[in-house]
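Q: what would the 3D arrangement of this be:
(one chain, ligands or ions: 1)
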Amino acid sequence: MPTTPAPALVSPPASPSARAAAPLRLPRWLSAPSPGWSVEADAIVVGSGIAGLTCALRLRERVDTVLLVTKTVLDEGSTAWAQGGIAAALAPEDSTEEHLQDTLVAGAGLCDEAAVRTLVTEGPDRVRELVGLGAVFDRDLEGEIKLTREGGHHRDRIAHAGGDATGREISRALIAALHQVMDDPGIEVVEHALVVDLLTSDDGAVCGVTLHVIGEGQIDGVGAATARAVVLATGGFGQIYASTTNPPVSTGDGVAAALRAGARVTDLEFVQFHPTVLWLGEGSTGQQPLISEAVRGEGAFVVDRDGVRFLHGLHPLADLAPRDVVARAILNRMSETGVDHVYLDARHLGREFLEQRFPSIVARCRELGFDPATDLLPVAPAQHYASGGVETDLHGRTSLDGLYACGECSCTGVHGANRLASNSLLEGLVFAHRIADDITARADAGELPRRGPCARTGDAELLDSAHRIEVQRAMTRGSGPVRSAESTAEAIASLAALAALPRGDAEPGPHAWETTNLHHLGQALSLVAHLREESRGGHVRSDFPDRDDARWLTRQTLQRAADDLTTVSERPAPAPAGAVEA
Ligand SMILES: Cc1cc2nc3c(=O)[nH]c(=O)nc-3n(C[C@H](O)[C@H](O)[C@H](O)COP(=O)(O)OP(=O)(O)OC[C@H]3O[C@@H](n4cnc5c(N)ncnc54)[C@H](O)[C@@H]3O)c2cc1C
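A: Here you go, the predicted structure:
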């Protein structure tokens, strides 16, 4: 039970399916100068990870003009950091049905089975097309793509490149393909272009973005870009926590902008904390080095400080159990033994194998003073992946006409409460294709007319970037890997105190916009984490340690209304038919 009474934040449930929740007030806009220039395209794609690049490349072949904007440079984002690989049922002995079952089990009852079926069925062809585009995957002596296994998978189905540099290779291949068409007048690519907010028309449809460009000439400072369709592919929000595997650009800008514009945002409480992130000492913050699950896939295992393999007996897959199971077991062991890390033992895999199979991980560990061939590696869970985001249907459409979301910033329902390892690159690939096809079909059918943005009304807000660390601390302490009614209430209160600070002292600019996005998402995430009184997937509550299917087989959605109030609603998520526990 909660150690303190739940704060007076939440109205009692009106009905299980539609609850009025906390009076969370979010403004419509980030404070920013008025646009000083404007551009027009058929489609705007925001972000240049696997989702954005795939979507822009496919759209370019189908619509007249595509504008691809990205916050820093093209290869900056989580995609280039992906190590383990991309999951797809490519082996003759594997099947899409088995991939589906593993995904449903990992998702802990909340996956949308139709979305998962789409992912696993279309995935293999999309991966083959990526190979056709030039991505070089590791191959065996017969020339077949080598497949490995990661947590939660019952088959070897993870294709990898450069050993442990899969994302880098995928990013390289997609950017090379983009460079081949960059001179085409049908596509414009703008780097150092940060999307601030979404523009909407009188009927509430999304018709463009405001963006800040660090450029030269006419396109510099804040401007407006309008289009028939906007695709958000802005990645995750790992920087909301003090330590994460995500790069600095992962500040949830797209999800926050969509929330402010009134889009439905779902499953935000399901944050994946990766079990084996290299532990660099107390107080180490920002992006932390990941030790891929593929290392365990090749035979490494977790031990506590006494050398005990405590994952054995906890789950039939032991060290390769789904991520939430392993992370939770590690957190429990850390708490029982009063230490802040456990160890990964890969020494028996041998120097030669480790260097050949995991060159980047071995090099990074050595830089930091650990040799996986001879040392136990200190590891602890850290934020890794956002399973929730902007809610979409199977075509990537959000609840706002004209707005699409793709990749980690979206919530297609594929991941449920917990993403199966290496399904995220695949999700970006599969749904980017679907979005490009949907935009094309709808534009051809006259369903995506050009609309003009309506006059800017509603509140604007900005939090000074000096407060970013306070947001991160509040989130780590209150809404981190293990939460409670008390801790989430504290996070909500700390973030509300920041919201109540006198306005007007923050200078508009990238750091303040990112900080305010983290702050808005932190408030939203803490609210749904507070409401969900059970433990499931990436959401772990110390005061409600068990999964509660009788009450919580539901998904929570946040949505901001015109009066600035953001409410939470629930809808049932039927248990996936035929999912069998591992
Ligand atoms: C260390 C690490 C290892 C991983 N390993 C794997 C793995 O092995 N397999 C797997 O499937 N997944 C893995 N993942 C997860 C996976 O990499 C990501 O989920 C996936 O790459 C997300 O792709 P994306 O295109 O949605 O976003 P990203 O690749 O993060 O790209 C987001 C893009 O949006 C841009 N952007 C953000 N905000 C704005 C803004 N306001 N304006 C303009 N542009 C903006 C960014 O600059 C970036 O270009 C890993 C993640 C990490 C961090």
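Q: those residues of the stretch 301-450 of the chain touching the ligand, which are they?
A: Residues of the stretch 301-450 of the chain found near the ligand (Cβ under 6 Å from any ligand atom) are 385, 407-408, 422-425, 428. The way it works is simple: take the backbone N, C-alpha and C, and place the C-beta from them, glycine included.
Q: secondary structure element holding residue 425?
A: helix 423-444 (DSSP states H and E).
Q: so how far is the helix or strand following that helix from its chain's centroid?
A: The first helix or strand that comes after helix 423-444 along the chain, using DSSP H and E, is strand 460-461. Taking the mean of its C-alpha atoms, strand 460-461 sits 25 Å from the chain's own mean (Cα atoms, centre = their mean, to the nearest Å).
Q: count of neighbours near the residue of the stretch 151-300 of the chain found nearest the ligand?
A: Taking Cβ to the nearest ligand atom as the measure, the stretch 151-300 of the chain has residue 235 as its residue closest to the ligand, at 2.5 Å. Residue 235 has 34 neighbours, counted by other Cβ atoms under 10 Å.
Q: average pLDDT across the helix holding residue 425?
A: Averaged across helix 423-444, the pLDDT comes to 98.
Q: pLDDT at residue 361, what is it?
A: Taking residue 361 on its own, its pLDDT is 95.
Q: so it is in which element?
A: Counting by DSSP H and E, residue 361 is part of helix 359-367.
Q: export that helix as CSV, just CAs?
A: Written as CSV, here are the backbone C-alpha positions of helix 359-367 (Å, rounded to 0.1, in the frame of the first residue of the first chain):
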residue,chain,number,x,y,z
PRO,A,359,34.4,-4.4,-31.5
SER,A,360,32.7,-1.1,-30.5
ILE,A,361,31.6,-2.3,-27.0
VAL,A,362,35.0,-3.7,-26.3
ALA,A,363,36.8,-0.5,-27.4
ARG,A,364,34.4,1.7,-25.4
CYS,A,365,34.8,-0.5,-22.2
ARG,A,366,38.6,-0.4,-22.6
GLU,A,367,38.6,3.4,-23.0
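Q: tell me what the helix or strand following that helix is packed against?
A: Per DSSP H and E, helix 359-367 leads on to strand 377-386 as the next helix or strand towards the C-terminus. Applying 3 or more Cβ pairs under 8 Å, 6 or more residues apart in numbering; DSSP states H and E, we find strand 377-386 packed against strand 243-244, strand 271-278, helix 323-337, strand 342-345.
Q: what angle do strand 377-386 and helix 359-367 make?
A: Interaxial angle of strand 377-386 relative to helix 359-367 (axes from the mean of the first three to the mean of the last three Cα atoms, to 10 degrees): 130 degrees.
Q: which residue is the nearest non-sequential neighbour of residue 545?
A: In space, and not counting its chain neighbours, residue 545 is closest to residue 535: 5.3 Å by Cβ to Cβ, 6 or more residues apart in numbering.
Q: could you look up the SS state of residue 503?
A: coil (DSSP: H, G, I helix; E, B strand; the rest coil).
Q: OK, now which residue of the stretch 401-550 of the chain is nearest to the ligand?
A: Taking Cβ to the nearest ligand atom, the stretch 401-550 of the chain has residue 407 as its residue nearest the ligand, at 2.2 Å.
Q: so where does the nearest residue to that residue once chain neighbours are set aside fall, helix or strand?
A: Leaving aside its sequence neighbours, residue 407 sits nearest to residue 51 (Cβ to Cβ, 6+ apart; 2.8 Å). For residue 51, the host element (DSSP H and E) is helix 50-60.
Q: then residue 547 would be within a helix, right?
A: No. Counting by three-state DSSP, residue 547 is not found in a helix; it is coil.
Q: mind checking pLDDT for it?
A: pLDDT, read off for residue 547, is 96.
Q: mind listing what the closest residue to it other than its chain neighbours touches?
A: Once flanking residues are discounted, residue 547 sits nearest to residue 536: 5.0 Å by Cβ to Cβ, 6+ apart. By Cβ atoms under 8 Å, 6 or more residues apart in numbering, the contact list for residue 536 reads 108-110, 270, 417, 547-548, 552.
Q: repeat for residue 467
A: So residue 467 contacts 498, 501, 515, 519 (Cβ under 8 Å, 6+ apart).
Q: and the residue nearest to residue 418 when sequence neighbours are not counted, how far from residue 94?
A: Counting by Cβ to Cβ, 6+ apart, residue 537 is the residue found nearest to residue 418 once chain neighbours are left out, at 3.4 Å. To residue 94, residue 537 is 24 Å away according to Cβ to Cβ, to the nearest Å.
Q: so between these two, which is more surrounded?
A: Shown here are residue 537 and residue 94; by other Cβ under 10 Å, residue 537 has more neighbours (28 against 18).
Q: backbone phi and psi for that one, please?
A: Backbone torsions of residue 537, given as degrees, to the nearest 10, read phi 50, psi -130.
Q: quick one on the thing from earlier: the residue nearest to residue 418 reaches residue 324, doesn't it?
A: Yes. Here residue 537 reaches residue 324: they are 5.1 Å apart, a contact under Cβ atoms under 8 Å.
Q: and for these two, which residues touch both?
A: Joint contacts of residue 537 and residue 324 (Cβ under 8 Å, 6+ apart) are 106, 108, 417-418.
Q: show me the shaky parts of the stretch 201-350 of the chain.
A: Along the stretch 201-350 of the chain, the model assigns pLDDT under 70 to residues 218.
Q: helices of that one, start to end?
A: 253-261, 293-297, 323-337 (DSSP state H, counting those that start in this stretch).
Q: would you map the helices across the stretch 1-150 of the chain?
A: Under DSSP H, counting those that start in this stretch, the stretch 1-150 of the chain gives helices at 50-60, 96-106, 113-133.
Q: export the ones you listed to JSON lines and tack on mean neighbour count?
A: Shown next, in JSON lines, are these (neighbours: other Cβ atoms under 10 Å):
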{"stretch": "helix 50-60", "mean neighbour count": "28"}
{"stretch": "helix 96-106", "mean neighbour count": "22"}
{"stretch": "helix 113-133", "mean neighbour count": "19"}
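Q: in JSON lines: the ones you listed, plus distance to residue 531 and mean pLDDT.
A: Converted to JSON lines, these look like this (distance: least, Cβ to Cβ, whole Å; pLDDT from 0 to 100):
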{"stretch": "helix 50-60", "distance to residue 531": "29", "mean pLDDT": "97"}
{"stretch": "helix 96-106", "distance to residue 531": "23", "mean pLDDT": "96"}
{"stretch": "helix 113-133", "distance to residue 531": "24", "mean pLDDT": "97"}
